[in-house]
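Visitor: curious how this folds, go ahead:
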Amino acid sequence: MIWVYRNVDKDVRPLHDNEDIIIMVQNEPKQPLKQRFSLSRLTPARILLLGYAAIILIGALLLCLPVSSRAREWTPFLSALFTATSATCVTGLIVVPTVTHWSLFGQLILLVLIQIGGMGFLTMGIMITILTRRRIGLRQRYSMQESISAPNLGGIVRLTRFIFRGVLLFEGAGALLLALRFIPIEGMGFFRGLYYAIFHSVSAFCNAGFDLFGSSGPAGSVSGFVGDPLVNIVLMLLIVIGGLGFFVWEDLSRCRLHFARWKLHTKLVVVASLMLIFVPAALMLYFDWNAPGMAQLSLHERVFAALFQSVSARTAGFNSIDLNNMSHASQLTMILLMLIGGSSGSTAGGMKTTTLVVLLLCVRASLTRESELRAFGRRIDMEALRSAVTVFVCYLTLFLGGGFLLVAFDGISMLDALFETASATATVGLSLGVTGSLSVASRIVLIFLMFFGRVGCMTMIYAYAESRTNAGLGRQPLEKIAVG
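Guide: As a prediction, the model looks like this:
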């Protein structure tokens, strides 16, 4: 038997007592406080956590300034913190109207926060390092890998360049197309129309949901363009492309439309995304065909409205119709879409489509009595199932727990509360109109949920818990339990 003792004096030597081996281990001397808390010693997960927290705090302080508001008055810190969190976490929930409260300077601060939150601050940092021709070390590459959930460390710098070029291409193309529609609007003009186009292109691609048309329609957001093909199609494409993820972009650019050559991750993401667009849209059309939200719309407007809400509910947070006039069945459908979210390594939040797919494959394997998860002729690592179950339980716990807290603090209906917490946890930004009237305690709950949703469940776990293996020399005894 081996006995290990720690925290002993350095002059104590190992002892041998018959067949037992007694080992005395001296702990390493404590390091100076400055060295222990050095940034160079932080894990990638903690760098992500502290990085997003610092960006949110800086953004909140800037938004507090009088120059950030149209009235040139100080904005309360909690309102500024909520807005900065919503922008950095690409959520879109607001407690003050974006277009009427914030000045041009404040809106530009929001735009910068949205862009940093959408691409990831580490991606932006590495891109700046590349542009300044500085050397990128192994630690920075590993942090970048953790930031975007890259499958391996190799090619991180090349992937960063690819992401940056893709962001410029898609956001630029979206801005040009939207400008064709916004500039001719009466009272808009060239520069204002171009600015609106850029703002909404960045907001849509980063899946943020912030808009400058808050008072343009009876339902706010982009409801004034409910039947506009150009605006609807461009915004939906930007949302979907941003929500697919950087790895899917790279795979599609390499393999084009050759489905058989796609990686398994790309196949699962694309198939799941298509199903999550068209099936919920069909359900919303069925549930709300004669509901107040769609009854007054023409046929093509109803189709666009259903498709737009199906796309936006999963990641973005825009709305083209009044969500309060939708049926409870459609609102519940949107809650489920919000919780699912986009895909891994994308600008979107939520549990991610791959998490849903892995859980469904696990259910299928249990029903067919199979020992492995399979899809498209490939086996899926069981570690992915453990991560999927962990993420699902974490999101479900925060979603329900946050809903109960909002009901307890403000006495709103459970549907309104769950809609709000699903939107915050999945960083979507849709609301049934209760955000601005919530108490301080409820706003703090939503701030935490938005931060959790952007940083991610696994990052939060890795930031505070070290991975541990079984401490014993052997495995513990196996005993079966009854399940189901």
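
Visitor: residue 252 and residue 266 touch, don't they?
Guide: Yes: applying C-beta atoms under 8 Å as the test, residue 252 and residue 266 come out as touching, 6.8 Å apart. Just so you know, the C-beta spots here come from the backbone N, C-alpha and C atoms, and that holds for glycine as well.

Visitor: buried set for the helix or strand where residue 254 lies?
Guide: For residue 254, the host element (DSSP states H and E) is helix 246-255. Residues 246, 247, 248, 249, 250, 251 are the ones in helix 246-255 that count as buried (16 or more other C-beta atoms under 10 Å).

Visitor: helices and strands around whatever helix or strand comes next after it, which ones?
Guide: Helices and strands here follow DSSP H and E; after helix 246-255, the next one along the chain is helix 264-288. Other elements packing on helix 264-288 under the criterion 3 or more C-beta pairs under 8 Å, 6 or more residues apart in numbering; DSSP states H and E are helix 229-244, helix 246-255, helix 299-315, helix 328-340, helix 353-367, strand 373-375.

Visitor: redo those as JSON lines? Include mean pLDDT and distance to residue 191.
Guide: Below are these laid out as JSON lines (pLDDT from 0 to 100; distance: least, C-beta to C-beta, whole Å):
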{"stretch": "helix 229-244", "mean pLDDT": "92", "distance to residue 191": "19"}
{"stretch": "helix 246-255", "mean pLDDT": "85", "distance to residue 191": "31"}
{"stretch": "helix 299-315", "mean pLDDT": "91", "distance to residue 191": "28"}
{"stretch": "helix 328-340", "mean pLDDT": "93", "distance to residue 191": "35"}
{"stretch": "helix 353-367", "mean pLDDT": "92", "distance to residue 191": "39"}
{"stretch": "strand 373-375", "mean pLDDT": "90", "distance to residue 191": "50"}
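
Visitor: ok, which of these comes nearest residue 166?
Guide: Counting by C-beta to C-beta, residue 166 lies closest to helix 246-255 out of these; the figure is 5.5 Å.

Visitor: got the angle for the helix holding residue 254 vs helix 229-244?
Guide: Calculated by axes from the mean of the first three to the mean of the last three C-alpha atoms, to 10 degrees, helix 246-255 forms an angle of 100 degrees with helix 229-244.

Visitor: could you list the residues in contact with helix 246-255?
Guide: 148, 150-151, 159, 162-163, 166, 241, 261-263, 265-266, 269-270, 343-346 (C-beta atoms under 8 Å, 6 or more residues apart in numbering).

Visitor: also stretch 353-367?
Guide: 265, 268-269, 272-273, 276, 340-344, 370-375, 380, 384-385, 387-389, 391-392.

Visitor: narrow those residues to just the buried residues.
Guide: Using 16+ other C-beta under 10 Å, the buried ones in the contacts of stretch 353-367 are 265, 268-269, 272-273, 276, 340-344, 373, 375, 380, 384-385, 387-388, 391-392.

Visitor: how would you label residue 370: helix, strand or coil?
Guide: State at residue 370, reduced to three classes by DSSP: H, G, I helix; E, B strand; the rest coil: coil.

Visitor: which residues touch it?
Guide: Counting by C-beta under 8 Å, 6+ apart, residue 370 touches residue 364.

Visitor: mind saving the C-alpha coords of stretch 476-484 as PDB?
Guide: C-alpha atoms of stretch 476-484 as PDB (Å, rounded to 0.1, in the frame of the first residue of the first chain):
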ATOM      1  CA  GLN A 476     -14.500   2.000  -8.500                       C
ATOM      2  CA  PRO A 477     -16.900  -0.900  -8.300                       C
ATOM      3  CA  LEU A 478     -19.600  -1.000 -10.900                       C
ATOM      4  CA  GLU A 479     -23.300  -1.300  -9.800                       C
ATOM      5  CA  LYS A 480     -26.300  -1.000 -12.000                       C
ATOM      6  CA  ILE A 481     -29.400   1.100 -11.200                       C
ATOM      7  CA  ALA A 482     -32.900   1.100 -12.700                       C
ATOM      8  CA  VAL A 483     -33.600   3.900 -15.200                       C
ATOM      9  CA  GLY A 484     -37.000   4.500 -16.800                       C
END
